[in-house]
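1. no sequence on hand, only this structure:
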């Protein structure tokens, strides 16, 4: 305990968003917690975005999910992709802040509760090997590895392969995103036996149009998955 106190004195715990002092590791300070838009209340059952009203129904869908056929069953997301939520996602994705997987997975574990079954297999959305080489890590796999330990579910980090090195899709239209990702993701032939017959929970850092998650879900079903749900750290929302 004395050594822990010495370490705390030398390396005090800091907010993961702004570096202000905090009481515990891997958390937000009071100000950042207040300013972070966590998604709660009435939500879309397929993507997890917040909806107006106070309905307790579990089959509500947002406008996007009513227009676009989603090849997965249910979905949840933790943060609106704006403000501090956007900063955290970009830091995890491009800023070498893999430490952010700790608090992110803790928040995602709570959101995942209605999506879990005893046989749920956690699978991250894959990166193409060229992008993985440049970035050195897959942020979705970082989330999956921590989340699996927290909720006690099996992880298969290489269940899916991205066989097309698509260009960054930021700023592209919804149709362009879906077109670019057509046939871009497939099940790893060496892992099809792990996926077959399982309930899959797909994990990604952020959902925009849902094209990447759709391609990943279809790849899971092609490998024999019994069901597919999705969970993201953040969701791009229209009113954010």
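-> Happy to help now that I have it. Quick caveat, the model's predicted, so the values are computed rather than measured.

2. remind me which residues of the chain are low pLDDT?
-> Across the chain, residues meeting the criterion (pLDDT under 70) sit at 1-11, 167-172, 239-240.

3. which residues in it form helices?
-> 2-10, 30-35, 63-67, 83-94, 101-112, 129-135, 139-151, 174-180, 192-195, 211-222 (DSSP state H).

4. is it possible to get CSV of these that adds mean neighbour count?
-> Bear in mind the C-beta positions are built from the backbone N, C-alpha and C, glycine included. Converted to CSV, the helices of the chain look like this (neighbours: other C-beta atoms under 10 Å):
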stretch, mean neighbour count
helix 2-10, 8
helix 30-35, 13
helix 63-67, 14
helix 83-94, 19
helix 101-112, 20
helix 129-135, 12
helix 139-151, 22
helix 174-180, 15
helix 192-195, 17
helix 211-222, 24
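
5. of all these, which lies closest to residue 166?
-> Among the helices of the chain, the nearest to residue 166 by C-beta to C-beta is helix 174-180 (4.8 Å).

6. about what we covered before: reformat the helices of the chain as CSV; add distance to residue 164.
-> CSV is the format used below for these (distance: least, C-beta to C-beta, whole Å):
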stretch, distance to residue 164
helix 2-10, 46
helix 30-35, 37
helix 63-67, 24
helix 83-94, 19
helix 101-112, 26
helix 129-135, 11
helix 139-151, 17
helix 174-180, 8
helix 192-195, 20
helix 211-222, 10
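
7. look up how far residue 207 lies from residue 35.
-> Residue 35 is 22 Å from residue 207, where distance means C-beta to C-beta, to the nearest Å.

8. again but with residue 121, I slipped
-> Taking C-beta to C-beta, one finds residue 121 at 20 Å from residue 207.

9. residue 39 and residue 75 touch, don't they?
-> No. Using C-beta atoms under 8 Å, residue 39 is not in contact with residue 75, being 11.2 Å away.

10. show me how the chain divides into domains.
-> Domain assignment for the chain by automatic domain parsing gives 1-35, 38-235.

11. how far is the last one from where the chain is centred?
-> In this view, domain 38-235 has its centroid 4 Å away from the chain centroid, taken as C-alpha atoms, centre = their mean, to the nearest Å.

12. now do the end-to-end distance for it.
-> 10 Å (C-alpha to C-alpha, to the nearest Å).

13. repeat for stretch 89-101
-> Stretch 89-101: ends 10 Å apart by C-alpha to C-alpha.

14. and what of stretch 72-91?
-> Using C-alpha to C-alpha, the end-to-end distance of stretch 72-91 comes to 28 Å.

15. just stretch 54-71 next, same as before
-> End to end - C-alpha to C-alpha - stretch 54-71 spans 27 Å.

16. got the buried residues for that stretch?
-> Neighbour-count burial for stretch 54-71, counted by 16 or more other C-beta atoms under 10 Å, picks out 60-62, 64-65, 68, 70-71.

17. which single one of those residues is nearest to residue 20?
-> Of the buried residues of stretch 54-71, the one sitting nearest to residue 20 (C-beta to C-beta) turns out to be residue 62, at 34.1 Å.

18. was I right about the closest one contacting residue 45?
-> No. With contacts counted by C-beta under 8 Å, residue 62 stays clear of residue 45, the gap being 9.2 Å.

19. so who does the closest residue in space to residue 150 that isn't next to it in sequence touch?
-> Leaving aside its chain neighbours, residue 150 sits nearest to residue 109 (4.8 Å; criterion: C-beta to C-beta, 6 or more residues apart in numbering). Applying C-beta atoms under 8 Å, 6 or more residues apart in numbering to residue 109 gives the contacts 147, 150-151.

20. done for today, thanks.
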